[in-house]
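> Structure, please.
(chains A and B)
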2 protein chains.
Amino acid sequence: MKRSKRLVSMTRYIIERPRTLISLPFFVEEYQSAKSSISEDLTIIDERFRQEGVGYLESIAGASGGIKYIPAYSAEYGESFVEELCEKLSDTERLLPGGYLFMSDLLGEPRTVDTIGKLFASAFVDKDIDAVMTVATKGIPLAYAVATHLNVPVVIARRDPKVTEGSTVSINYVSGSTRKIQTMVLTKRSLEEGSRVCIIDDFMKAGGTINGMKSLLKEFDAEVAGIGVLAEAEDEEEERVVDDYVSLTQILHVDDRTKEIEVQPGNLLRRLS
Amino acid sequence: MKRSKRLVSMTRYIIERPRTLISLPFFVEEYQSAKSSISEDLTIIDERFRQEGVGYLESIAGASGGIKYIPAYSAEYGESFVEELCEKLSDTERLLPGGYLFMSDLLGEPRTVDTIGKLFASAFVDKDIDAVMTVATKGIPLAYAVATHLNVPVVIARRDPKVTEGSTVSINYVSGSTRKIQTMVLTKRSLEEGSRVCIIDDFMKAGGTINGMKSLLKEFDAEVAGIGVLAEAEDEEEERVVDDYVSLTQILHVDDRTKEIEVQPGNLLRRLS
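Modelled structure (predicted):
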């Protein structure tokens, strides 16, 4: 097969399989090409990915070796996206009673959600993450987007157990903003002991929900390897109970009487190279 | 820029933007290459995609023209995947009390969910779909996967309204299997009148939940353009209230006393070319 055709096929194949080991012999067999040609192709792909700031190919040596595509988006790649997101979130039309912000339209756009996933996966690129966790419902698409680019499973905690889930572990936690005691459950089969877990959610105020997920992870003897939120908001009455998190945006000020919202980029971009 | 480098970049760029119009001048500018070279590149990419059975590039003529990548996976592409899925679902370890099947592990694998999304998007390739709809919680990742490859937004109906959603439309429906009256709500802002909507869910027994979503769409003057379920199961006591759906797998028989499950491919693959 000619190099031009091969490069199209290999690029597609690799892009669709982030963090998956692909052996050189697989490509040799698939495209009926010499190992040296395949190696050259991989060098071209690796160089292009690095130049475009979307990640790189990791080489694994040895008999069972090959390459892995590691998505790692640059700060430059994400900058204009995050700025645009802040602008969209600043639209006063989003104001809902109680100072909440309507975000379902943005969370309903698959491309937006996927880009957010890429940026979080890039921020956690060297954290050895085994699973992504969220709590139903709003965080689910974000969690899948992050997990796709980390190539790990998603586990979803719920606020109510379901009959189709089998036996569960449940904890009580205090919601940071309302001070109410709430319950969170996770199916026993869904997480292995000792897993390194990345917690993802759409919104964080005082951090009570995320703290609940942390408590649940303790019950599974799992480790918190990272925390990522799409939007963090100030809670004037409460102190934040979660630190060391990554945020894509930061809502500084919401006032539904004066119709003012102030949104700025969070700390995520600063963690990217 | 050399053709080899350009093909890597263009393939990645196109794959990440299904059903999005990309103008030739954009590529000309981005890669500082002649229009004739870019056209040749696009022909190579189109040919490879068709040969591999993953879709094609649609050409849009005229001043505001360009190309669109239409994901359209072949039956051949999906066959081994669906067979493997049937085998996994036939594992008696999945049996839960009441004849339910544990599927959260499969629905927690982003790659699996993405492949399911590709296959549904391919089955609905010529249905002019404007949005994908599901009801929380299990169908959400599937809906996003389908929507990603159709490049349309996702709307999520809920069984309970939330304060952060704004005003909602609600309907009552009868659950097919339990005969209970249930409520389903959808935020007013989330769907435009006249939209052509594809309904996606993980599981269908009598079809009550899907019928609920159909009723909700009627309230929005929206049209059902397609229905897709991951697994359809026989309900011996009830007649199915939904017809004309696409299913990836069909659960023929579940018996939690004799520990038997029989799963076979649904009708989806037969709709692909």
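> Can you give me the neighbour number for residue A:178?
A count of nearby residues for residue A:178, using other C-beta atoms under 10 Å in any protein chain shown, gives 11. Heads up, the C-betas are built off the backbone N, CA and C, glycines and all.
> In its sheet, which strands sit next to the worst-scoring helix or strand of chain A on mean pLDDT, and in what direction?
Ranked by mean pLDDT, DSSP states H and E, the helix or strand of chain A with the weakest confidence is strand A:100-101, at a mean of 78. Strands adjacent to strand A:100-101 in the sheet, as given by DSSP bridges, are strand A:95-96 (antiparallel).
> how near is the residue most central in space within chain A to residue A:224?
Ranked by distance to the mean C-alpha position of chain A (C-alpha atoms, centre = their mean), the top residue is residue A:146 at 2.7 Å. Taking C-beta to C-beta, to the nearest Å as the criterion, residue A:146 is separated from residue A:224 by 14 Å.
> Is the residue nearest to the centre of chain A in a helix, a strand, or coil?
When the structure is split into helix, strand and coil by DSSP: H, G, I helix; E, B strand; the rest coil, residue A:146 lands in helix.
> contacting residues around it?
A:116-117, A:120-121, A:124, A:132, A:198, A:200, A:228 (C-beta atoms under 8 Å, 6 or more residues apart in numbering or on different chains).
> Dump those to CSV, plus neighbour count.
Written out in CSV, the entries for the contacts of residue A:146 read as follows (neighbours: other C-beta atoms under 10 Å in any protein chain shown):
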residue, neighbour count
A:116, 28
A:117, 25
A:120, 29
A:121, 29
A:124, 23
A:132, 32
A:198, 26
A:200, 31
A:228, 29
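> which of the residues you listed come close to chain B?
Of the entries in the contacts of residue A:146, not a single one is placed beside chain B under the rule of C-beta under 8 Å from any C-beta of the partner chain.
> out of these, which are inside helices?
The helices in this structure, assigned by DSSP state H, contain A:116-117, A:120-121 from the contacts of residue A:146.
> so can I have a markdown table of those residues showing pLDDT?
Listed next are these as a markdown table, based on pLDDT from 0 to 100:
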| residue | pLDDT |
| --- | --- |
| A:116 | 98 |
| A:117 | 98 |
| A:120 | 98 |
| A:121 | 98 |
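> what's the closest of the residues you listed to chain B?
Ranking the ones in helices among the contacts of residue A:146 by separation from chain B, with C-beta to the nearest C-beta as the measure, puts residue A:117 on top at 9.3 Å.
> For the closest one, give its distance to residue A:228.
If you go by C-beta to C-beta, the gap between residue A:117 and residue A:228 works out to 10 Å.
> would residue A:25 count as being in a helix?
Yes - secondary structure of residue A:25 (three-state DSSP): part of a helix.
> Please name the residues that touch it.
When the contact criterion is C-beta under 8 Å, 6+ apart, the partners of residue A:25 are residue A:35.
> got it, and residue A:79?
In this structure, residue A:79 makes contact with residue A:269, judged by C-beta under 8 Å, 6+ apart.
> For it, report the pLDDT, please.
Confidence at residue A:79, expressed as pLDDT, is 96.
> Identify each buried residue in stretch A:221-228, please.
Under the neighbour-count criterion of 16 or more other C-beta atoms under 10 Å in any protein chain shown, stretch A:221-228 has A:222, A:224-228 buried.
> Next: stretch A:57-69.
When neighbours are counted by 16+ other C-beta under 10 Å, the buried residues of stretch A:57-69 are found to be A:57, A:66-69.
> Close to chain B: what parts of the stretch 151-273 of chain A are there?
By C-beta under 8 Å from any C-beta, the residues of the stretch 151-273 of chain A that approach chain B are A:151-156, A:158, A:163-166, A:187, A:189-190.
> Can you flag the buried ones in the residues you listed?
The neighbour-count test (16+ other C-beta under 10 Å) applied to those identifies A:151-156, A:158, A:164-166, A:187, A:190 as buried.
> In the residues you listed, find the pair that's most separated.
Based on C-beta to C-beta, the longest span within these runs between A:151 and A:164 and measures 26.2 Å.
> Wait, residue A:152 touches residue A:128, no?
No - look at residue A:152 against residue A:128 with C-beta atoms under 8 Å: they stay out of range, at 10.0 Å.
> which residues are in contact with both of the two?
Shared contacts of residue A:152 and residue A:128, counting by C-beta under 8 Å, 6+ apart, come down to nothing at all.
> Below-threshold pLDDT in the stretch 51-200 of chain A: ranges please.
Applying pLDDT under 70 to the stretch 51-200 of chain A picks out residues A:98-99, A:162-164, A:176-177.
> mind listing the strands for it?
Counting by DSSP state E, counting those that start in this stretch, the stretch 51-200 of chain A has strands at residues A:55-60, A:66-71, A:95-96, A:100-101, A:131-135, A:154-157, A:168-174, A:181-187, A:196-204.
> Rebuild the ones you listed as TSV, extending it with distance to residue B:104.
As requested, the strands of the stretch 51-200 of chain A are exported to TSV (distance: least, C-beta to C-beta, whole Å):
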stretch	distance to residue B:104
strand A:55-60	29
strand A:66-71	25
strand A:95-96	31
strand A:100-101	29
strand A:131-135	13
strand A:154-157	8
strand A:168-174	11
strand A:181-187	6
strand A:196-204	16
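> nearest to residue B:95, of these?
strand A:181-187 (14.9 Å).
> Tell me which residues of that closest one come out buried.
Residues of strand A:181-187 classed as buried by neighbour count (16+ other C-beta under 10 Å): A:184-187.
> Check stretch A:225-239 too.
By neighbour count with 16+ other C-beta under 10 Å, stretch A:225-239 contains the buried residues A:225-233, A:235.
> what about residue A:232, which SS state?
Under three-state DSSP, the three-state class of residue A:232 is strand.
> for chain A, longest helix please?
Determined from DSSP H, the single longest helix within chain A is helix A:35-52.
> how much does that one deviate in direction from strand A:66-71?
Direction vectors for helix A:35-52 and strand A:66-71, defined by axes from the mean of the first three to the mean of the last three C-alpha atoms, to 10 degrees, enclose an angle of 10 degrees.
> name the helices or strands packed onto helix A:35-52?
Contacting helix A:35-52 under the criterion 3 or more C-beta pairs under 8 Å, 6 or more residues apart in numbering or on different chains; DSSP states H and E are the following elements: helix A:3-15, helix A:24-31, strand A:55-60, helix B:3-15.
> Would you convert the ones you listed into CSV that also reports distance to residue B:172?
Formatted as CSV, the entries for those read as follows, by distance: least, C-beta to C-beta, whole Å:
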stretch, distance to residue B:172
helix A:3-15, 45
helix A:24-31, 54
strand A:55-60, 49
helix B:3-15, 43
